[in-house]
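1. Provided below are the primary sequence and the corresponding predicted coordinates.
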Amino acid sequence: MAALAALAATVGGLLRLRAAGAEGQWRRLRGAGLLRGLLQPDSATGVAAQRRHVAHFTFQPDPEPQEYGQTQKMNLFQAITSALDNSLAKDPTAVIFGEDVAFGGVFRCTVGLRDKYGKDRVFNTPLCEQGIVGFGIGVAVTGATAIAEIQFADYIFPAFDQIVNEAAKYRYRSGDLFNCGSLTIRAPWGCVGHGALYHSQSPEAFFAHCPGIKVVVPRSPFQAKGLLLSCIEDKNPCIFFEPKILYRAAVEQVPVEPYNIPLSQAEVIQEGSDVTLVAWGTQVHVIREVASMAQEKLGVSCEVIDLRTILPWDMDTVCKSVIKTGRLLISHEAPLTGGFASEISSTVQEECFLNLEAPISRVCGYDTPFPHIFEPFYIPDKWKCYDALRKMINY
Amino acid sequence: MAVAAAAAAARIWGSSRGLGQAGLLLLRRPGAWGLARSLPQRRAQQHFPSLDDKPQFPGASAEFVDKLEFIQPNVISGIPVYRVMDRQGQIINPSEDPHLPQEKVLKFYKSMTLLNTMDRILYESQRQGRISFYMTNYGEEGTHVGSAAALDNTDLVFGQYREAAVGAAYAAKRANANRVVICYFGEGAASEGDAHAGFNFAATLECPIIFFCRNNGYAISTPTSEQYRGDGIAARGPGYGIMSIRVDGNDVFAVYNATKEARRRAVAENQPFLIEAMTYRIGHHSTSDDSSAYRSVDEVSYWDKQDHPISRLRHHLQGRGWWDEEQEKAWRKQSRKKVMEAFEQAERKPKPSPSLLFSDVYQEMPPQLRKQQEALARHLQTYGEHYPLDHFEK
């Protein structure tokens, strides 16, 4: 009995370690007696040891921003906390609510805020996403600032009706007599290495089809704070997806004071002349690396664009780039069919048809639910992007 | 297995943490698991006399019971129906008389009858093709007017959107605005998930909100026997921890009294109230519905003739000497004229410009939408003859 309990504790510990990604601790555990039956070194059985897969991207911090005053080293969740702190400090009507936000949130984005601003401003709700969003709409309708948290973007679907049929249409259906523009919905988004079907999704395409809301995805702590502050201050209901794999992994210098990064403006983070690469969120770091690989191995110069806002999206920046380069590759984790790359592709071929040297390439997740153990094969990693780019160059 | 896990957890977390006490309860039971012997001596010596007297679960604080018995839902003699007047308009219990001034009660009556007149005229106009769609209020005038009369002018009214109503109430509470939010819905809408969400959030977040359910017997063609099996909607309130009442919706004073008191307490105590107003939908669901397909003409006629909120109030007014046949005739004529004039004036106005199709999607118009707006304008320049442009402003 005791042995079983210890085994249960050990397996639990293993799962935690996979999440934390601590190679050193992993090696220590492999020495424990009970594990020898489960895991053997290569030489013993011929089966490869269960080794945690290295992340599919390398976070590239941006240079320290100079124009916003004092900066501090922050990871993504700390940058989010900073944005929320700034918002609650300057807007006395602002409230933050959702599941488990009171103690700091499952990703620690709201740590310290309840103590600082009070339990009437940072509070838990019952476990009910349609309630969270519906309630948030009501707060916003009175003119107060509502910052709702959905615990994982995968859980946003029960709130889909509230977002699409209520929030998005509030201003339009009342002829601007009423609106819920001061509503922002935040949700952790995207693959995380072990999230499987319900902790890895990127649902931006479902919402891209919904006029009346804005959809934003940051690639880094600095971008996240500025974009989140813009969403909170924007006079339209916004959905802000936070790449959860970057919560701890992305660290850079972020201004302590509030600042805004404009919505509906894509950013050309690297100029180039031969191919345009477009992505958002975590995938920006993947295509950045692909741009280096292309330069190094193929002598190809890539222009890398972070779309940042999915809806309404910045067609002008993307089209201007494709007119220059003649080639476009779009990449996202979400499944290929109906993914947002299809919208970009369709628009670019309408606007830039005669400029295209090759068909537009989309490197996306497969048309399956997000898999558990097959994640390394599912995601549009740098090798798939590189291969697609190579084919496009040789078209 | 569970016991071993409990033991392990107790060792890690200590006996005072979550799993500890319940786990230790298991461990103390002699014999069955044979584990008490394998535990260190100090565990067996701890005493918790209070554990056997009262449950300690965080989730509920009731007493223990040692007889297996299921709670029977009570739909036969469920929550009683509060009323002030009998069907002849006489006050039954004088202490429940709201003692409203004549002027105010006349306003109740004129509002209910004006609404009724408007319903008749607009229903007819839909049949004549002058408007596209209409829903009448026949039989439910008491619920609308009685509840509205009990509110302040600054209160917020949500005609559906149950969860949003709760959010608005929370914001009103934070703003110390002295406002209540009232949210109206039917017994059919009460089946939607968002009613559940709204009730639960209102209770847990302590919001000054009145949930006003108009139980009129039908959701389009679906009778209440197919909508729910419990004791209506009022019985659900206590399940959420919400103060609840069932009232006779055809008794405008009962509706008024209940709403007035609910309003006072909701704002003073920051808690939700649920009022289920029982009534009957005398008309069809809408101009797209013919209710003779699913209910008898006799049933409808009973409510129209024997238990109508307008008749009941008229009898009350006449009983007090505040109304008579002559005033009734004059008012009918006047209210009809009022509605017809408003209708004809509205009919003469052209509809807004088609370019407004694109306004107010966002606060500002995004470039893509402006392009689409321009595309429609160009399209109409060439193909305008195929569109009803005459009825719209330029």
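-> Yes, it's here.
2. residue closest to the middle of chain A?
-> Central residue of chain A (CA atoms, centre = their mean): residue A:243, 2.7 Å from the mean position.
3. Quick check: beta-bridge partners of that residue?
-> When bridges are called by DSSP bridges, residue A:243 pairs up with residue A:189.
4. tell me the contacts of it?
-> Each residue near residue A:243 by CB atoms under 8 Å, 6 or more residues apart in numbering or on different chains is listed here: A:76, A:188, A:189, A:190, A:217, A:218, A:219, A:281, A:282. C-betas here are computed from N, CA, C, even on glycine.
5. and it, what pLDDT?
-> On pLDDT, residue A:243 comes in at 98.
6. cool, and residue B:22?
-> 44.
7. Also the one 10 residues further on?
-> As predicted, residue B:32 sits at a pLDDT of 46.
8. Quick check: residue A:144 is in a strand.
-> No: with DSSP: H, G, I helix; E, B strand; the rest coil as the criterion, residue A:144 is coil rather than part of a strand.
9. Check whether residue A:116 sits in a helix, strand or coil.
-> Assignment for residue A:116 (three-state DSSP): helix.
10. Okay, it and residue A:94: tell me how far apart.
-> Distance of residue A:116 to residue A:94, given as CB to CB, to the nearest Å: 12 Å.
11. cool, and residue A:140?
-> When residue A:140 is compared with residue A:94 (using CB to CB), they lie 11 Å apart.
12. Give the residues shared as contacts by these two.
-> residue A:146.
13. Pull the number of nearby residues for residue B:104.
-> 11 (other CB atoms under 10 Å in any protein chain shown).
14. Equivalent analysis for the one 4 residues further on, please.
-> As a burial measure, the neighbour count of residue B:108 was computed by other CB under 10 Å and equals 25.
15. Where does it sit: helix, strand or coil?
-> Three-state assignment for residue B:108 (three-state DSSP): helix.
16. per-residue pLDDT, residue B:55?
-> 89.
17. Between which two of the contacts of residue A:243 is the distance greatest?
-> By the measure CB to CB, A:188 and A:219 form the most distant pair in those, at 14.7 Å.
18. picking up where we left off before, turn the contacts of residue A:243 into TSV, including pLDDT and neighbour count.
-> Shown next, in TSV, are the contacts of residue A:243 (pLDDT from 0 to 100; neighbours: other CB atoms under 10 Å in any protein chain shown):
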residue	pLDDT	neighbour count
A:76	98	31
A:188	98	29
A:189	98	31
A:190	98	27
A:217	98	29
A:218	98	30
A:219	98	28
A:281	98	30
A:282	98	28
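19. which of those residues lies closest to chain B?
-> Checking these against chain B by CB to the nearest CB gives residue A:217 as the nearest, at 17.7 Å.
20. what's the helix or strand encompassing residue A:79 packed up against?
-> Using DSSP states H and E, residue A:79 falls within helix A:76-90. Using 3 or more CB pairs under 8 Å, 6 or more residues apart in numbering or on different chains; DSSP states H and E, the elements in contact with helix A:76-90 are helix A:113-117, helix A:221-233, strand A:238-243, helix A:246-249, strand A:251-255.
21. got the angle between the last one and helix A:76-90?
-> Taking axes from the mean of the first three to the mean of the last three CA atoms, to 10 degrees, one finds strand A:251-255 and helix A:76-90 inclined to each other by 20 degrees.
22. pLDDT on strand A:251-255, on average?
-> Rounded mean pLDDT across strand A:251-255 is 98.
23. so what strands line up beside that strand?
-> Short version: by DSSP bridges, strand A:251-255 pairs with strand A:71-75 (antiparallel).
24. what sits up against the partner strand?
-> Outside strand A:71-75, the residues touching it (CB under 8 Å, 6+ apart) are A:64-65, A:82, A:221, A:225, A:246-256.
25. Quick check: neighbours shared by residue A:116 and residue A:94?
-> Joint contacts of residue A:116 and residue A:94 (CB under 8 Å, 6+ apart) are residue A:88.
26. With neighbour numbers in mind, choose between these two.
-> residue A:94 (22 against 11).
27. Which pLDDT does the model give the more buried one?
-> 98.
28. check contacts around the closest residue to it other than its chain neighbours.
-> Leaving out its chain neighbours, the residue that sits closest to residue A:94 by CB to CB, 6 or more residues apart in numbering or on different chains is residue A:145, at 3.9 Å. Counting by CB under 8 Å, 6+ apart, residue A:145 touches A:87, A:91, A:93, A:94, A:95, A:139, A:182, A:184, A:232.
29. So, low pLDDT: which residues of chain A?
-> Scanning chain A for pLDDT under 70 picks out A:1-53.
30. cool, and chain B?
-> Checking chain B against pLDDT under 70 turns up B:1-52.
31. Tell me where it has helices.
-> Per DSSP state H, chain B carries helices over the ranges B:2-13, B:19-28, B:41-44, B:102-127, B:141-149, B:162-174, B:193-204, B:224-227, B:236-240, B:252-269, B:297-306, B:309-320, B:325-348, B:367-383.
32. likewise the stretch 101-250 of chain A?
-> Ranges of helices in the stretch 101-250 of chain A, per DSSP state H, counting those that start in this stretch, are A:113-117, A:129-141, A:160-161, A:170-173, A:204-208, A:221-233, A:246-249.
33. Around chain A, which positions in the stretch 51-200 of chain B sit nearby?
-> B:156, B:158, B:161-172, B:174-175, B:181, B:193-194, B:196-198, B:200 (CB under 8 Å from any CB of the partner chain).
34. which residues in chain A form strands?
-> Assigned by DSSP state E, the strands in chain A fall at A:71-75, A:95-98, A:122-124, A:146-149, A:183-189, A:214-216, A:238-243, A:251-255, A:267-270, A:275-279, A:302-306, A:309-311, A:328-335, A:361-365.
35. Could you dump the ones you listed into JSON lines with distance to residue B:236 added?
-> Shown next, in JSON lines, are the strands of chain A (distance: least, CB to CB, whole Å):
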{"stretch": "strand A:71-75", "distance to residue B:236": "45"}
{"stretch": "strand A:95-98", "distance to residue B:236": "24"}
{"stretch": "strand A:122-124", "distance to residue B:236": "23"}
{"stretch": "strand A:146-149", "distance to residue B:236": "25"}
{"stretch": "strand A:183-189", "distance to residue B:236": "28"}
{"stretch": "strand A:214-216", "distance to residue B:236": "36"}
{"stretch": "strand A:238-243", "distance to residue B:236": "32"}
{"stretch": "strand A:251-255", "distance to residue B:236": "48"}
{"stretch": "strand A:267-270", "distance to residue B:236": "51"}
{"stretch": "strand A:275-279", "distance to residue B:236": "48"}
{"stretch": "strand A:302-306", "distance to residue B:236": "49"}
{"stretch": "strand A:309-311", "distance to residue B:236": "38"}
{"stretch": "strand A:328-335", "distance to residue B:236": "39"}
{"stretch": "strand A:361-365", "distance to residue B:236": "42"}
